[in-house]
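J.: Give the three-dimensional model of this entry:
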Amino acid sequence: MTTARQQRSLVWAYAASVLAVGLLQSLAELQHYLERGGEHPWEPFLWELSSVLMTGLLGPLIYRWHLLGLALPGRLRLSVHHLVGAAGYTLAHVAGMFGLRFAVYALAGLAYRPGSAAEILAYETGKDLVSYAIIVAICHGIYVMVEMRRREQELLQLRAELAEAQLTRLTEQIQPHFLFNTLNLISSVMYEDVARADRILCDLAALLRQALSAQDSGRHTLAQELSLVEPYLNIMQARFGERLSVQIEASEEARRCLLPALLLIAPVENAITHDVAQSSGPVRVSVGAEVLAGELLLTVKNSGIAARRDHRDGAIGMANTRARLLSLYGERAQLALQADAAGGSCLSLRLPAELQ
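T.: Numbering: from 1, shown residues only. The predicted model follows:
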């Protein structure tokens with residue numbers, strides 16, 4: 001969309017271009033005029049500027065006339081349309097141009113005898129037909145440029161709407177997937193320890209309330225994201241007891257950075273369900289966040305088994321995380337999963353650091 005300020009800038013640029021062309025032609029004609037012994041140096045400026053001024057005034061009308069012609073079906077009708085336009089341009093250009101000249105000569109008290117109307121039309125028609133063709137060609141080029149710009153904007157809007165729809169679908173997938181796994185965990189605890197199951201249900205209720213709010217916002221700060229991760233980790237610690245220890249380390253600058261809502265839930269969930277559940281010994285899960293060189297670096301580390309973890313890249317949670325980052329940031333975001341020498345693994349996410 002062109003704003004009013006942009007429109008004014010275009011009008012001034014167009015007027016300046018018309019004036020520049022008129023002055024250049026006037027200066028060229030002035031040399032010939034002086035060589036022929038002309039006595040009034042302003043005359044070449046009047047002749048050329050009057051012609052260019054009328055052309056400049058008629059230019060926008062020709063553009064609109066050309067747009068009307070493009071809406072007509074068939075090339076024959078377009079040709080007839082422009083023949084009528086060429087005739088109208090010639091009559092308007094000649095009438096306006098010579099009307100200005102006669103007026104200025106009258107004010108100067110000089111006689112102006114350009115010839116009869118038939119002679120003027122015969123002389124000017126050929127030049128005006130060429131000028132009209134050139135103006136139409138320029139108008140068509142402008143039309144093509146405007147249409148390309150409009151289509152590019154429509155394409156960008158469609159892509160944005162598609163990305164938003166994809167993100168909505170992906171986020172909706174995360175919620176039932178997480179809820180399904182958490183309810184399974186609660187069901188496995190409730191017959192062993194009712195009080196512990198009750199605490200887990202309370203944490204789950206708080207977590208879901210915050211998750212629904214986060215989902216509506218789309219993006220929030222890392223501090224808000226960690227307020228979602230912590231209740232989940234409380235639930236997992238209630239489930240696994242001493243087998244699981246957790247640690248969260250995030251700098252103050254990192255906590256102010258914006259990121260997609262529910263981004264860390266899937267990686268943390270995978271670290272626990274695929275490592276703690278499969279490990280007989282104690283497992284440590286740590287979440288880290290810091291800002292480095294304009295990027296927000298998020299890490300989810302665990303000390304559990306790391307054998308054959310490549311299958312997790314295809315899991316619902318990890319696949320959605322990767323797809324969300326791609327939709328939001330493109331190549332500016334990175335996700336990597338690596339095994340360490342001690343048998344654990346580290347999931348790292350890099351995305352642009354955007355402070356709230």
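J.: Can you name the next helix or strand after the helix or strand Met148 falls within?
T.: Using DSSP states H and E, Met148 sits in helix 117-189. Later in the chain than helix 117-189, the nearest helix or strand by DSSP H and E is helix 194-217.
J.: which regions of this structure sit below the pLDDT cut-off?
T.: The chain contains residues with pLDDT under 70 at 1-3, 159-178, 181-182, 211, 214-217, 277-278, 280, 304-318, 320, 341-343.
J.: Pick out the residue nearest the middle of it.
T.: Most central in the chain under Cα atoms, centre = their mean is Leu156, positioned 5.9 Å from the mean C-alpha point.
J.: buried set for the strand or helix carrying Leu19?
T.: In this structure, Leu19 is located in helix 4-35 according to DSSP H and E. In terms of neighbour count (16 or more other Cβ atoms under 10 Å), helix 4-35 has its buried residues at 18, 22, 25-26, 29-30, 33. In this view, the C-beta of every residue, glycine as well, is placed from N, C-alpha and C.
J.: Could you work out the end-to-end span of stretch 349-356 for me?
T.: Terminal residues of stretch 349-356 lie 19 Å apart, using Cα to Cα, to the nearest Å.
J.: how much distance is there from it to the middle of the chain?
T.: Stretch 349-356 sits 19 Å away from the centroid of its parent chain (Cα atoms, centre = their mean, to the nearest Å).
J.: again, but for stretch 328-342
T.: Relative to its parent chain, stretch 328-342 has a centroid offset of 26 Å by Cα atoms, centre = their mean.
J.: Over to stretch 210-227?
T.: Mean-position distance between stretch 210-227 and its chain equals 24 Å (Cα atoms, centre = their mean).
J.: Now do the buried residues in it.
T.: 210-211, 214, 219-222, 224-226.
J.: what sits up against that stretch?
T.: For stretch 210-227, the surrounding residues in contact (Cβ atoms under 8 Å, 6 or more residues apart in numbering) are 167, 171, 175, 178, 228, 231, 248, 250, 254-265, 287, 289, 296, 298, 356.
J.: same question, stretch 130-142
T.: Against stretch 130-142 from outside (Cβ under 8 Å, 6+ apart): 55, 59, 62-63, 66, 82, 85-86, 89-90, 93.
J.: Can you give me the buried ones in it?
T.: 131-132, 135-136, 139.
J.: same thing with stretch 241-261?
T.: 243-244, 246, 250, 254-261.
J.: Repeat that for stretch 329-345.
T.: Under 16+ other Cβ under 10 Å, the buried positions of stretch 329-345 are 333, 335, 337, 344-345.
J.: How far off centre is that stretch?
T.: Per Cα atoms, centre = their mean, the displacement of stretch 329-345 from the mean C-alpha position of its chain is 29 Å.
J.: How about stretch 288-302?
T.: In terms of Cα atoms, centre = their mean, the centre of stretch 288-302 is set 27 Å apart from its chain centre.
J.: All the strands of the stretch 251-356 of the chain, residue numbers only.
T.: For the stretch 251-356 of the chain, the strands defined by DSSP state E, counting those that start in this stretch occupy 258-260, 283-292, 295-302, 334-339, 345-352.
J.: I'd like those strands written out as CSV, with distance to Glu48 added.
T.: Formatted as CSV, the strands of the stretch 251-356 of the chain follow (distance: least, Cβ to Cβ, whole Å):
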stretch, distance to Glu48
strand 258-260, 59
strand 283-292, 63
strand 295-302, 60
strand 334-339, 62
strand 345-352, 56
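J.: right, and these - which one's nearest Met145?
T.: Closest to Met145 of the strands of the stretch 251-356 of the chain, according to Cβ to Cβ: strand 345-352, at 32.3 Å.
J.: got a list of contacts for that closest one?
T.: 259, 263, 267, 270-271, 275, 294-302, 304, 306, 309, 321, 325, 328-329, 332-340.
J.: re earlier: need the buried residues of stretch 241-261 in JSON lines with distance to Met190, can you?
T.: As requested, the buried residues of stretch 241-261 are exported to JSON lines (distance: Cβ to Cβ, whole Å):
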{"residue": "Arg243", "distance to Met190": "19"}
{"residue": "Leu244", "distance to Met190": "19"}
{"residue": "Val246", "distance to Met190": "22"}
{"residue": "Ala250", "distance to Met190": "33"}
{"residue": "Ala254", "distance to Met190": "37"}
{"residue": "Arg255", "distance to Met190": "35"}
{"residue": "Arg256", "distance to Met190": "39"}
{"residue": "Cys257", "distance to Met190": "38"}
{"residue": "Leu258", "distance to Met190": "38"}
{"residue": "Leu259", "distance to Met190": "34"}
{"residue": "Pro260", "distance to Met190": "33"}
{"residue": "Ala261", "distance to Met190": "29"}
